[in-house]
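sequence first, predicted coordinates after that:
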Amino acid sequence: MTKTNSGNFFEDFRLGQVINHATPRTVTSGDVALYTALYGSRFAVNSSAEFARKIGLQSAPVDDLLAFHVVFGKTVPDVSLNAVANLGYAAGRFGAPVYPGDTLTTVSTVIGLKENSNKQTGVVYVRSSGTNQRGEMVVEYVRWVMVRKRDVNAVVAEEKVPDLPAAVAAADLIIPEGLGLGGYDDTLAGSPHRWGDYAVGEKIDHVDGMTIEEAEHMMATRLWQNTAKVHFNQYTEGQGRFGRRLIYGGHIISLARALSFNGLGNAFKLVAINGGRHANPTFAGDTIHAWSEVLEKIEVPGRSNLGALRLRLVATKNQPCAAFPFKAENGKDFDASVVLDLDYTVLMPR
Amino acid sequence: MTKTNSGNFFEDFRLGQVINHATPRTVTSGDVALYTALYGSRFAVNSSAEFARKIGLQSAPVDDLLAFHVVFGKTVPDVSLNAVANLGYAAGRFGAPVYPGDTLTTVSTVIGLKENSNKQTGVVYVRSSGTNQRGEMVVEYVRWVMVRKRDVNAVVAEEKVPDLPAAVAAADLIIPEGLGLGGYDDTLAGSPHRWGDYAVGEKIDHVDGMTIEEAEHMMATRLWQNTAKVHFNQYTEGQGRFGRRLIYGGHIISLARALSFNGLGNAFKLVAINGGRHANPTFAGDTIHAWSEVLEKIEVPGRSNLGALRLRLVATKNQPCAAFPFKAENGKDFDASVVLDLDYTVLMPR
Amino acid sequence: MTKTNSGNFFEDFRLGQVINHATPRTVTSGDVALYTALYGSRFAVNSSAEFARKIGLQSAPVDDLLAFHVVFGKTVPDVSLNAVANLGYAAGRFGAPVYPGDTLTTVSTVIGLKENSNKQTGVVYVRSSGTNQRGEMVVEYVRWVMVRKRDVNAVVAEEKVPDLPAAVAAADLIIPEGLGLGGYDDTLAGSPHRWGDYAVGEKIDHVDGMTIEEAEHMMATRLWQNTAKVHFNQYTEGQGRFGRRLIYGGHIISLARALSFNGLGNAFKLVAINGGRHANPTFAGDTIHAWSEVLEKIEVPGRSNLGALRLRLVATKNQPCAAFPFKAENGKDFDASVVLDLDYTVLMPR
C-alpha cells in the first residue's frame, strides 16, 4: 500500500464528514516579515505594535489574510489536491486576532456535494474553521471546489447544494475584544479618510501595480504550507493546460488588498469575506492592479467610533484600473483582464 | 475627490514644512532574517546576540542599513512619489541601535527648494529623522531629490539651497551607550585587521560579486514599505525610460556593504553617511561588485579601544573591481560601470 | 598585504589543524519562516510549538537541516572557498535540538589530507562541529572536498585518508532529552504510518516536484552565510564551466527532505547523516523530485515508543521518481538525472 497522500477524490467525500487537517502552525514575526516583503502591505495596525496598542490590542496582530492563508493551506492536502478549479468563497468571518506565537489548526466539514453531469468531476462544499491554541475561532469560511472523480462509475451517496448567504449579516460580524479607536492616529495610518467619507457606489482606482515573480508566489504558497501541485512543478505544468505554473489565488487576494491601501488606508481590519471568485488564472510576469467599490455602509451595533464597509475588490492582470474593468461586453462573463472579484467587509474608524 | 495619494509635487513643498510620515514599523527578527537572506551580511555584531553582548550591547542590533531603509521607506509616499531622480545624501548619522521589537517612525523637514530652469521640475531637500518608541533618534540624514511640478506655471514661494557639510564632524558621531570592546573577538568576527592596520588612501577590492534577481529587490523594497512605483510595475516600466523595473538604490548600498565584509570585517557599525550618489541605474540581472578607499582615520574622543574610518564605498555593475573603477576618462563623470559612490563612516576596534 | 580572504589552498591545511570559524549566528523565528517559505516543509514538530510541547520538547525546534546549513555555512570561507568539488559527507550526528534564540558556532578539525596525482588539487577531510551558546553539540559531521593548490610545487607535510564508518552506530544516535511520544498525534502530524509500518527494502516515490528559481537558492544560501562564489555571481559563472550559477547542494537536501514528507510524514527528527553525495549539479529552472528507500530499521535502546529508520534519499532533476532512478546502465555511475544520494537516519514513533 502506498504511503503517499493521493488526496481525496469526489467520491471519497460524505455530507457531514469532519476532516481534522494536519500540520498545526505557530505563526511568528518571521511570517509577518515575509508577508510584508511579499505584498508590501502598509496597514499601520499590522505594522506597528505601538499603533495596535493605542487602539486597545495587545500587540500588532498579523494581517487577517495571513491567518486566512495559513488556515486555508491546511485544507489543501485533504480537500483540493485533486481539484480542477477553486470555484468560490462565502460566509467567511474573522474572529480572534492572530498574534505571533499563536498556533493555528483547521477543521473542515463537508456541507455540500454535487456531481457534474459529465460524471468525471463534482463540486465539494466545505466549511473550514481555523482556531488558535485556546480553541478560539480565528477565521472560518465556506469554499467550493470542483474535484475529479477517481472512478467515473463511482456512485455518490448523497448530494446537496448548501444555501449560502449573499453576505455575512451585520450582527454576525466579530469585533475584537478591547478594540477602542480613541487612540487611532490618521496621520500615522496614512489616510485622512474615515468611514463617513465613503459613499455607497463610490469606486476607487488603487492606481499602483505589482508584477509577480515565480520565486515570490512559490515562497508565499509554501509559507502557507499549501501543497497544490500546480503552483510548484514546472516540469509537469510545462506539459499541462497552461504550460506554466499557476499562481495561488490567495496570492492575488493579498496583493490586491495591499494595493487597496492607496485609497482605503483606514480599512484596518477584515471582518468578513462575503464571496469571492478567481475570475481568470494568473502567471509569473503578470502585473496586478486593483480597484474597489463600496457596496454597503454598515453601522456596527453599539459602536459610535467604528463602522464597517462592504467592498468589492477587483484585481486585474496587465490592465490598469482607471476604467474599472469588470464584466465583458456580454455583461455576464468577466472581462479577460479580471482575475479576482472579492466581496468582503472591513472595519474603519468613524 | 480622489482618496488615493498622488504624492507631493514640487510646488506643494514649503521651506520649513514638517512632514509626519505614515506607517510606524515594528522591526522584528523576521526582518533580520530577510536582511541576511537578501544580502548575505556577515558582521558578527548583527549576527550573534552573544557576540553583541560581549561588547556591551543588550542583544544583536539590526544592521544599521536595515534601520536606514525602514526610516527612508516612510518618506517615499510624501517626498519622492513624483521624483525624477534621487540626487544625493548628506549629513547622515546613526543614533540609538535598533533592536527587534523597536518601533520606528519618521519625520521630515523641508530644508531646501530650488526650481530648475526648465520650470518642469525642482530639487527638494529634506532632513529626515527616524526615532524609536522612546523618541530616541536612530538615524537621520539629508537627501535631495528632483521632483516634478504638477503645473509648470506654479510659482514657488521661497527658494533656498542649504549648506551641507562635506562630512559629519568627528565630535558629532554617536557611540552607542555601553559599548565596550574588551570582549571583541577577531576570530569570531572573521578579520584580524583592526583600525590601526588601515591607512588613508588604502584601496580594497572586495572581490566577490552578487547578481540581483527581480524577486529579491522587490521583496527588499516592499519590506521597507517603500512605494516608489518604478521598482514594482513591469507593465508600466516596460513602456518607460528603461523598459525595465529600476532597482531601489538602497538595495545596492546594502549589497555593497555586505560585500565589503571581505576586507572590512571589523567595520562593525555605521555611524555616519557623509554623502552618497547613485551614479547609474541598476536592473535585475546586473552583478554588483564593490571596492573601498580609506578617506580618513578618525580618533574617537575618549576612546582608546575604538576608532572610526571614513570610507568611500564604490559599487559597480558587471565589472569586477580589481582596477578600482570610478571616474570616466574625462575625469568628471562616473565610469559607466559605477552605480554607487558612498562616503560613510564606520567604527572599528583598535 | 591584502585584507581580503582568499581562502585556504590545499597546501595550507595540516593534519590535526583546528579551525575556529567566524560569524556566530543567532537563529530566530525569522529563519524558520524563511525555511518554510523556501522548502515548504510540513513536519509538525518544527511547525507547531504546541505539537512540540506535547512530545516533551520546550518549543518547536528548528528543522535539523536548518541547523546543519548554518553550521556548514561557517566552514566555507576557511575550508571550501577554493574547492573544485564537494565530495561527500559521513559520520554526521545531530545533538541538542536548536531553538530560536540559540547562537551557533562551528569548529573544524582537519582529519585527512590526500594530494591528487595531478599535483593541482588535493582532498581535505574535516570534522566540523556546531555548538550552541551552552557549548552543546547541535550537529557534527565529516565532509571531504577537493581543494585547489595555490602552488603546484608545494609539498604537503603529512597525508592521511581517515577511516570513516559506513553509518553512525545505533548506540551513538542522540535522542533529545525529555522526548516522550505519548502525546504524538498522527492526524496532526499528517501521516498514519509509524515505524512498524515500514519494511527494509521498501521504496517510496514522494510524487511531488519543486522547480527552483535563482532568487530562492541564493536567498537560502545567503541566509546560511555560505560564501561559495559559484552560487551568486552570474558575471563570473557565465564565463565558467557551466555558464550558470550552481545551486548549493544543501538546498537540494532540504528540498528533497521536504518532499519526503509525502510518505514519511512521521520521520520527525534527523539523528544521523551516514553518508551523502551530490551526484550531479543543479541549476535554476531544474525541477526536483525525490524517492526514498528504507535501508535499515533500528531499535532505539530503552525506547519502546520510538524507532529509527536508516533511509536512502535520492533526488533527481527533471525526472519524476516512479521508476526510482538511481544508477546508470553501467551499474556504477549515477543516472544523469540523479542529483543527490543521501544516507541518513530519522526517528519515528512506533
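Done, it's in. Numbers count the residues shown, from 1 in each chain, chains lettered A, B, ... in the order given.

could you report the neighbour count for the closest residue to chain C within the stretch 1-150 of chain A?
At 2.7 Å from chain C, residue A:30 is the closest residue in the stretch 1-150 of chain A, using C-beta to the nearest C-beta. C-beta here means a position set from N, CA and C on the backbone, and glycine is covered the same way. Neighbours of residue A:30 under the rule other C-beta atoms under 10 Å in any protein chain shown: 28.

which residues are in contact with it?
B:28, B:29, B:30, B:33, C:28, C:29, C:30, C:31, C:32, C:33, C:34 (C-beta atoms under 8 Å, 6 or more residues apart in numbering or on different chains).

tell me which residue in chain A sits closest to chain B.
Relative to chain B, the nearest point of chain A is residue A:33 (2.7 Å; C-beta to the nearest C-beta).

ok so, going back, not counting sequence-adjacent ones, nearest residue to the residue of the stretch 1-150 of chain A closest to chain C?
Using C-beta to C-beta, 6 or more residues apart in numbering or on different chains and skipping the chain neighbours, the partner closest in space to residue A:30 is residue C:33 (2.7 Å).

same check on residue A:40?
Nearest residue to residue A:40, sequence neighbours excluded (C-beta to C-beta, 6+ apart): residue B:222, at 3.4 Å.

on that earlier part again, would the residue of chain A closest to chain B count as being in a helix?
Yes: applying DSSP: H, G, I helix; E, B strand; the rest coil, one finds residue A:33 inside a helix.

surely it and residue B:222 touch.
No: with contacts counted by C-beta atoms under 8 Å, residue A:33 stays clear of residue B:222, the gap being 10.6 Å.

for the contacts of residue A:30, which one is nearest residue B:326?
Using C-beta to C-beta, residue B:33 comes nearest to residue B:326 of the contacts of residue A:30, at 34.4 Å.

so which residues on the stretch 1-150 of chain A come close to chain C?
A:2-6, A:20, A:22-26, A:28-31, A:33-34, A:77, A:100-101, A:103, A:105, A:133 (C-beta under 8 Å from any C-beta of the partner chain).

selecting buried members of the residues you listed in PyMOL, what would you type?
The PyMOL command for the buried members of those (criterion: 16 or more other C-beta atoms under 10 Å in any protein chain shown) is given here:
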select buried, chain A and resi 3+4+5+22+23+24+25+26+28+29+30+31+33+34+77+100+103+105+133
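
among the residues of the stretch 1-150 of chain A next to chain C, which are in helices?
When those are checked against helices (DSSP state H), the matches are A:29, A:30, A:31, A:33, A:34, A:77.

nearest to residue C:109, of the residues you listed?
Of all those, residue C:109 sits closest to residue A:30, with 33.7 Å by C-beta to C-beta.

look at residue A:157 and tell me its secondary structure.
coil.

residues contacting it?
Contacts for residue A:157 (C-beta under 8 Å, 6+ apart) come out as A:14, A:15.

one more: residue A:86?
By C-beta under 8 Å, 6+ apart, the residues touching residue A:86 are A:80, A:143, A:145, A:249, A:278.

partners of the helix or strand that contains it, with directions?
Element membership of residue A:86 [criterion: DSSP states H and E] is strand A:83-94. If you go by DSSP bridges, strand A:83-94 pairs up with strand A:137-148 (antiparallel), strand A:269-278 (antiparallel).

relative to residue A:287, which of those is closest?
Nearest of those to residue A:287, taken as C-beta to C-beta: strand A:269-278 at 16.9 Å.

looking at stretch A:307-321 now, give me its mean pLDDT.
For stretch A:307-321, the mean pLDDT works out to 98.

would you map the strands across chain A?
Applying DSSP state E to chain A gives strands spanning A:18-20, A:25-26, A:83-94, A:103-115, A:121-131, A:137-148, A:203-205, A:210-211, A:269-278, A:287-299, A:306-317, A:338-349.

chain B contacts on the stretch 101-250 of chain A?
Residues of the stretch 101-250 of chain A found near chain B (C-beta under 8 Å from any C-beta) are A:187-191, A:193, A:197-198, A:204-211, A:213-216.

give me that answer again for 10 Å
Contact residues, the stretch 101-250 of chain A versus chain B (C-beta under 10 Å from any C-beta of the partner chain): A:185-193, A:197-198, A:202, A:204-219.

just to revisit the earlier point, gap between the strand holding residue A:86 and the chain center?
Offset of strand A:83-94 from its chain centre (C-alpha atoms, centre = their mean, to the nearest Å): 8 Å.

residues near residue A:232, how many?
Residues lying near residue A:232 (other C-beta under 10 Å) number 27.

and for the one 10 residues further on?
Other residues near residue A:242 number 11, with proximity taken as other C-beta under 10 Å.

that one and residue A:288: what is the separation?
Distance from residue A:242 to residue A:288, counting by C-beta to C-beta, to the nearest Å: 17 Å.

so which bits of the helix-or-strand element of chain A with minimal mean pLDDT are buried?
Within chain A, no helix or strand scores below strand A:83-94, which has a mean of 94 by mean pLDDT, DSSP states H and E. Judged by neighbour count using 16+ other C-beta under 10 Å, the buried positions of strand A:83-94 are A:83, A:86, A:88, A:89, A:90, A:91, A:92, A:93, A:94.

please apply the same query to stretch A:65-78.
Quick answer for stretch A:65-78 (16+ other C-beta under 10 Å): A:65-78.

that older thread, just want the angle from the least confident helix or strand of chain A to strand A:338-349.
With axes from the mean of the first three to the mean of the last three C-alpha atoms, to 10 degrees applied, the angle from strand A:83-94 to strand A:338-349 works out at 10 degrees.
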